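Q: after the sequence you'll find the predicted model.
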Amino acid sequence: MRGLWCSIFIPCILSSSYASSIYEPEHSHPSPYSSDYEPTPPDYEPTPDYAPDEEEESYYIPPEQSHLKETYYAVQHPIIPSKSPYTGYVHPEIIRFREMFRGLRMRYPGAPLLTKYDLLAGHTEYPQSGGDHGREGYVLGNFLNNVLTSLGITGWPLNPYSLNPMNALVTNTQSQVDVNVDLSQTGSIVDSIFGGKTGNNRALLQGIEPCSNNNGVCEGLSTCLADGGISDGTCSNCVSCATCCKYEYEDITTTNKPIFFFQSPGYPTTRRDATSISVSLEIRANVTQILVEFEDFELPINPATGCLPTDYFEILSPSDPDGIIGPNNNRFCGLNSGQHFYIRVAEGDLVIFRVVTSGVGFVPLAVPGAPATTVGDNAWKFQVKVTQIFTGAPTISVTKRYKRDTGIVRYTNTIIGQIPDYYRRLAAPSGCHQYFTSTSGVIESLNFDGRSDFADNQNYAICFRTPQNSCGMSLQALRFGIATSDQRCVSGERALGRQAGLCCTETAVDAGKVGFNKFIGFDATTVGVKPPAGTPPLPSQPRYFFCGNNLGSTSGFLVSSRKGPLRLNVFSDGIDAATANPASVQRTNNIGFRLRYEVNTGTCV
């Protein structure tokens, strides 16, 4: 039995769990810690409507490229699924904050590190009754109730409105209460509070259970080192799991690891040499899809024709022999950092990842918007994360040897586990090649750099996680340009071209020219063609095919009221647009797309 100091409940657990990890700040300053010290909330400057965060970048558009319209000059890249909060990812800044908090609690055990204003920041779900203390108590009271329940304490609920965090839980370090519980096994409680394992009695299998922000798997140290992995922390949540093992491959190899990285030799250093390296992945049992995430990707590209015969990243899958991106198209090149792609597979498949470089191919500067003919060089690098996604119970085989009178006897036992939550959340719906789990973000066309042409031979689907209260989705074009075979459709504002043909399809084509199909397909409404002077404005029009220089209108804004699955299709046939209709293409910024999306939630109209 141990007394539980309610006033420092969480810091007490933290300090006992992480006493060996003490953070010493570079500077310390005296603080007015006294019994009557009452901090006041700071006066914050008004927050601007939009400001880029650390993962956003500024775009430079020189005068000669001013016609390349940019809605925002600071925009985000897409976020790969494994770095979405939905899949359990914790941002490194948050991890550093937690380490600093633990260190400061050890160094200043009697100091209130958090005020009530810190604890209430961002909480808007509490009731409005009860005054300030009621609202503060509601937040912290419910939090402590959850913690106590996880400790197995029932029948003693805290009254949320009876707690004043300023006087009891934060600054008063003398109050205590005995909760009649052994706190020697509080590690899982701390982990559940701060994003770790919750210990839900499922079978945790070595070599499968993810760790280190889902960048490795828990294994025995000897197995990790023997298989070419590197230790990236410790594990203690499964049998024979001593280390978190991270696998990084930079040369020709074969593997069946569920999580690994394929990267350029010497990554993150850039290279300027010719090379050819590959990784062959053996698909495990109960795996039906793999996720390929382009953590960092800068390879050569021809701005006019796309991937070069001597410079490309290629994925070959037996389950998609006709091409994973589109017909006879398995290759990625140019800039793809932040992109991802789901590939369907079957047990026993051998999926090959191959990179070929010439050492002389042109690599665009990783600042989209700059003219590709004057920036960049031949320095290339890449790091790609590959995850096998279990959709059925994973298994491992364990072989043990026993000495008998007749000799050594070997027994092999198959252990069946449950699917870790990480793989469950990472899985994409059937038919989806990209899957975004956040309710807002940015999507891009493949190989997008703001200058290179929209690639031929593409046919893939971009899907979005649909909450229960979804009311549709809106799109805002940050950059957009897809070639069309009908000059009437170049503006992007028309739904119909010549002979009432659908814009973006081969049915709308200039006389004497070859029609082609290149578009993004999205079930939405947009404003119609500008009416003649003196006539009333046209109502919004339903459309599916979008191409030209604008996403449906000069505002580049679309709204879909679809309440079911949210999906956007990307299509480009094998016809070279510049050859089929040079005049139309010359008037179109055939650069692909960068779109901001937002899943609309709430009360549907």
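A: That came in fine, so what should we check first?

Q: could I get the buried residue list for stretch 576-587?
A: Residues of stretch 576-587 classed as buried: 576-577, 580-581, 584-585, 587 (neighbour count, 16 or more other C-beta atoms under 10 Å). (C-beta placed from N, C-alpha, C; glycine too.)

Q: reformat these as TSV; add secondary structure, pLDDT and distance to Y86.
A: Conversion of those to TSV gives the following (DSSP: H, G, I helix; E, B strand; the rest coil; pLDDT from 0 to 100; distance: C-beta to C-beta, whole Å):
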residue	secondary structure	pLDDT	distance to Y86
D576	coil	90	39
A577	helix	88	37
A580	helix	85	42
N581	coil	81	43
S584	helix	71	41
V585	helix	73	40
R587	coil	79	41
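
Q: tell me where the stretch 251-400 of the chain has strands.
A: Taking DSSP state E, counting those that start in this stretch to define them, one finds strands in the stretch 251-400 of the chain at 253-255, 259-263, 275-282, 287-298, 312-316, 331-332, 340-344, 350-357, 381-390, 395-404.

Q: so which of those gets nearest N459?
A: Taking C-beta to C-beta as the measure, those were each checked against N459, and strand 340-344 came out nearest at 12.9 Å.

Q: before we move on, the earlier item: which one of the strands of the stretch 251-400 of the chain is the most hemmed in?
A: strand 331-332 (a mean of 26; mean count of other C-beta atoms under 10 Å).

Q: for that one, which outside residues touch it?
A: With C-beta atoms under 8 Å, 6 or more residues apart in numbering as the test, strand 331-332 has contacts from 294, 297, 299, 307, 312-315, 325, 339, 446-447.

Q: what do you get for stretch 489-505?
A: Residues outside stretch 489-505 that contact it (C-beta under 8 Å, 6+ apart): 480, 482, 484, 486, 488, 507-511, 515, 517-519, 527-530, 541, 543, 545-554, 584, 587-588.

Q: those residues in helices, which ones?
A: Secondary-structure check on the contacts of stretch 489-505 using DSSP state H: residues within helices are S584.

Q: now the contacts of stretch 489-505: which count as buried?
A: Among the contacts of stretch 489-505, those classed as buried by 16+ other C-beta under 10 Å are 480, 482, 484, 486, 488, 507-510, 515, 517-519, 527-528, 541, 543, 545-553, 584, 587-588.

Q: in TSV: the contacts of strand 331-332, plus distance to T87 and pLDDT.
A: Formatted as TSV, those follow (distance: C-beta to C-beta, whole Å; pLDDT from 0 to 100):
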residue	distance to T87	pLDDT
F294	17	97
F297	20	96
L299	27	96
C307	30	94
Y312	29	97
F313	24	98
E314	27	97
I315	22	98
I325	24	97
Q339	17	97
L446	22	97
N447	25	95
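
Q: quick check, nearest of the residues you listed to G392?
A: Using C-beta to C-beta, I315 is the member of the contacts of strand 331-332 that lies nearest G392, at 23.2 Å.

Q: wait, the closest one sits on L350?
A: No. Counting by C-beta atoms under 8 Å, I315 stays clear of L350, with 12.0 Å between them.

Q: which strand or helix spans C224?
A: With elements delineated by DSSP states H and E, C224 resides in helix 221-226, which encompasses its position.

Q: list the helices and strands the helix or strand following that helix packs on?
A: Under the assignment DSSP H and E, the closest C-terminal helix or strand after helix 221-226 is strand 230-234. On a contact count with 3 or more C-beta pairs under 8 Å, 6 or more residues apart in numbering; DSSP states H and E, strand 230-234 meets helix 221-226, strand 243-246.

Q: how about CSV for those, with distance to G501 added?
A: Conversion of the helices and strands packed on strand 230-234 to CSV gives the following (distance: least, C-beta to C-beta, whole Å):
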stretch, distance to G501
helix 221-226, 60
strand 243-246, 53
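
Q: which among the ones you listed is found nearest to L558?
A: The closest of the helices and strands packed on strand 230-234 to L558 is strand 243-246. By C-beta to C-beta, the value is 41.0 Å.

Q: tell me which residues of that closest one come out buried.
A: Of the residues in strand 243-246, those scored as buried under the neighbour-count criterion (16+ other C-beta under 10 Å) are 243-246.

Q: wait, which of the residues you listed is closest to A111?
A: C244 (33.1 Å).

Q: how close does that closest one sit to K381?
A: Computed as C-beta to C-beta, to the nearest Å, the C244 to K381 distance reads 25 Å.

Q: check S584 too.
A: When distance is defined by C-beta to C-beta, S584 is 37 Å away from K381.

Q: wait, what's in contact with Y597?
A: The contact partners of Y597, by C-beta under 8 Å, 6+ apart, come to 436, 440-443, 464, 473-476.

Q: if we use 10 Å, what do you get?
A: Applying C-beta atoms under 10 Å, 6 or more residues apart in numbering, one finds that Y597 lies in contact with 436, 438-443, 462, 464, 473-476, 522, 558, 566, 568.

Q: returning to what we had before: lowest-confidence stretch among the strands of the stretch 251-400 of the chain?
A: Of all the strands of the stretch 251-400 of the chain, mean pLDDT reaches its minimum on strand 395-404 (a mean of 62).

Q: which stretches of the protein have low pLDDT?
A: Of all residues in the chain, those with pLDDT under 70 make up the ranges 1-75, 116, 119-203, 366-376, 395-415, 527-539, 605.

Q: which stretches of it form helices?
A: With DSSP H as the criterion, the chain has helices at 9-17, 92-107, 116-120, 131-150, 187-193, 221-226, 421-426, 577-580, 582-586.

Q: residues in contact with N581?
A: 483-487, 509-510, 512-516, 575, 587-588.

Q: what's the closest of those to S319?
A: When those are ranked by distance to S319 (C-beta to C-beta), I575 comes first, at 27.1 Å.

Q: that closest one and S485, how far apart?
A: As defined by C-beta to C-beta, I575 lies at a distance of 9 Å from S485.

Q: what do I315 and L350 both touch?
A: Overlap between the contact sets of I315 and L350, as judged by C-beta under 10 Å, 6+ apart, is given by L281.

Q: and the residue nearest to D273 when sequence neighbours are not counted, its phi and psi?
A: Excluding the flanking residues, the one nearest D273 by C-beta to C-beta, 6 or more residues apart in numbering is G359, at 4.7 Å. When read as degrees, to the nearest 10, the backbone of G359 gives phi 90, psi -10.
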